[in-house]
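> task: produce atomic coordinates for the following.
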Amino acid sequence: MHSATQRLAPADEANLVLDHAGQVNVFLVAALLEPGGFLAPDGTPDMAGLRAVLRERIAELPALRKRAAQAGRRHHWIETMPDVEHHIRLVEPVDGVTGLEDRCAELMGQPLALDRPMWEILLVPGAMAGGLGIVLRIHHAVADGMTAAVIVQRLFDPGGPGERAGNEPPTFAPAEAPRHAGIDVRRTLRRLGTGLHRIRKTVWGHGVGRTVLLGERSAHHGVAFLQTEIKTLESAVRPKGATVNDALLAASAAGFRAALVASGEPIPVWLPVSEPVALQRRGTAGNQVGIMLVRLPLAEPQPDERLRLIAEQTRVEKPQARDQGTLEFMRGPVGARIMDRLGRRQHLVGGFVTNVPGPEGTFRLAGAPVTALWPVAVLAGNVRLGVAAVSYAGNLCCGIHFDASTVPGDVFAQAMAEELARLGK
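Model (predicted):
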C-alpha cells in the first residue's frame, strides 16, 4: 500500500540529480556482528527474526518508508511500506574483512532501485570468524550523513543501562525570532558576498593542477578500512589547539602526499579538499549540510606543523560554512544539474573528507553485538578519492573510497594509518 505524501525538499531533489550512470549517489555503512540475538553461535543468521525486529523499527522511521515518484519535472515522496524480504537480504559470503572491503567497493558502483524505498541491508557471511558482516546502503536523497547517523541508531538496539543509544548528531531547535522584526542588513550583505564568491570559485576555481586524483573514473572501485583510538588521538592533539577532525584532515594529507609520490607526480604545496559541515536541522529536508574548503599542506614534512596549519583554517572556515548554509548549487535541482556538469572538469578540490559523530557506546542489532563499523562516502564529479570517518566503540573508523584503476588507494591508506599513529603519540 502507498499514498502520496509530500514534494521533495529542493536539496533532496538535488541529490537525485547527482545519481546517474557512472556516479552512484549512495553512501554505505559496513559493520561486523558477533553471535547473539538473531545470530547463532556458529554465525548462522535467523533472517525471519531479524526482519521481524527491523519491520517494527522501520514502521517508526518515515525516511525508510518512502520512494521518489516523478510528478512533472519534480519528484514527490510516496509513502510505501518496504518489502523486507527484498530490502534485508543474505548475500554471498566473502573472505574476511578484506573481502568485505571488496564487496563494499562493488556496491559503490551499483545503483539502488528508485521504484521502491531507497535503502537496503545486506548480511555478508565470512566477514569475520564466527560472526557476520552487514552493509547498510542509503540513497543521498533520503539522508545526509548526519540524518543517516540518526537512522542507523534507531534501527539498532537501544543502549544498555547508563549508556545512551548514541552520540546523536545535534538536533537544533529553530532559531528564535529576533526581538526587533527586520533584516540584519550587514549579515545579509555578507552572506550574499560570500555566496557570490563561492559561486565564482565553483565555476572558475583552479586550486588543483593536473593530477591522478582528478579525472574520469573507471568502473573499478576500491575501499579500504582503518581505525585508531579516539581518546589517545584527542589527548595528543588537543593541547596543540587541534581537534580530532583536524587530525583526520592531517592524516588524509599524509595519504594524499603518499599517493602522489607513488604515482610519480610532483607534490603541490597545498591540496584543497572539501568537507561537509552540519547545519541546523530545519524543515523536512534530509540533506542539510554546508561545505568548507580546507587546504591540506602537502609540502609540510612535520606532522605537528601540518596539524597546526589545518587547525588554523578550520577554526575560521567551519563557523563560516555553517553561517552560509547549503552550497549554492545544491539548493535545488537546477543548480545541481549545473554543478554536475561543472564537476566533471572541476579543479577546485582534489578530494573529499567527511566526518560524522557516532554513538558514545556500542550497538546491537536484534541482540547481536556490533564490534566494528566503517562508513564509505560517495565519489562525485571527477574526484577519484574520498575519506569518510565516524566514531564508534572508542575508535575513529575510516573508510577510504577510491578509483582502483587510477589511484593507489592502498598506499594512501597505509600512509594515513601511519600518520594517525604518529599524531596520537
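> report how many residues lie close to the nearest residue to Pro272 once chain neighbours are set aside.
Distances taken as C-beta to C-beta, 6 or more residues apart in numbering place Gly207 nearest to Pro272, at 4.3 Å, with adjacent residues excluded. Every C-beta, even on glycine, is put in place using the N, C-alpha and C of the backbone. Gly207 has 17 neighbours, counted by other C-beta atoms under 10 Å.
> ok, now Asp304?
Asp304 has 15 neighbours, counted by other C-beta under 10 Å.
> I'd like to know how far the residue nearest to it when sequence neighbours are not counted sits from Val294.
Distances taken as C-beta to C-beta, 6+ apart put Lys240 closest to Asp304, at 6.4 Å, once the chain neighbours are dropped. Lys240 is 17 Å from Val294, where distance means C-beta to C-beta, to the nearest Å.
> and those two? which has more neighbours close in?
Val294 (24 against 13).
> for Arg322, see how far away the more buried one is.
For Val294 relative to Arg322 (C-beta to C-beta), the value is 15 Å.
> residue contacts, Ile134?
Ala30, Ala31, Leu32, Leu33, Ile121, Leu122, Leu123, Val124, Leu365, Val370 (C-beta atoms under 8 Å, 6 or more residues apart in numbering).
> so which of those belong to helices?
Nothing among those maps onto helices, per DSSP state H.
> just those now: which is nearest Cys398?
Set against Cys398, the nearest of the contacts of Ile134 by C-beta to C-beta is Ala30 (11.8 Å).
> show me what the closest one bridges to in the sheet.
Note on Ala30: beta-bridge partners by DSSP bridges are Val135, Trp374.
> pretty sure it contacts Trp374?
Yes: judged on C-beta atoms under 8 Å, Ala30 makes contact with Trp374 at a distance of 5.1 Å.
> which neighbours do these two share?
Phe225, Gly399.
> per-residue pLDDT of the residue nearest to Ala31 when sequence neighbours are not counted, please?
Leaving aside its sequence neighbours, Ala31 sits nearest to Leu373 (C-beta to C-beta, 6+ apart; 4.4 Å). Per-residue pLDDT puts Leu373 at 95.
> surely Leu373 meets Pro359?
No: using C-beta under 8 Å, Leu373 makes no contact with Pro359, being 9.0 Å away.
> number of nearby residues for Gly332?
The number of residues packed near Gly332 is 18, by other C-beta under 10 Å.
> pull the number of nearby residues for the residue nearest to it when sequence neighbours are not counted.
With sequence-adjacent residues excluded and distances taken as C-beta to C-beta, 6+ apart, Gly332 is closest to Pro10, at 3.8 Å. Look at Pro10: counted by other C-beta under 10 Å, it has 19 neighbours.
> how far away is Pro10 from Cys398?
31 Å.
> likewise for Ala415?
According to C-beta to C-beta, Ala415 and Cys398 sit 12 Å apart.
> comparing these two, which shows the higher neighbour count?
Neighbours were counted for Ala415 and for Cys398 using other C-beta under 10 Å; Cys398 has more, 27 against 22.
> wait, is that one part of a helix?
No: judged by DSSP: H, G, I helix; E, B strand; the rest coil, Cys398 forms no part of a helix; its state is strand.
> give me the beta-bridge partners of the residue lying closest to it once chain neighbours are set aside?
Leaving aside its sequence neighbours, Cys398 sits nearest to Ala389 (C-beta to C-beta, 6+ apart; 4.7 Å). Note on Ala389: beta-bridge partners Asn355, Cys398, judged by DSSP bridges.
> stretch 70-85: which residues count as buried?
Buried positions in stretch 70-85, judged by neighbour count with 16 or more other C-beta atoms under 10 Å: His75, His76, Trp77, Ile78, Thr80, Pro82, Val84.
> now the helices for the stretch 301-425 of the chain?
In the stretch 301-425 of the chain, the helices defined using DSSP state H, counting those that start in this stretch lie at 303-324, 333-343, 409-423.
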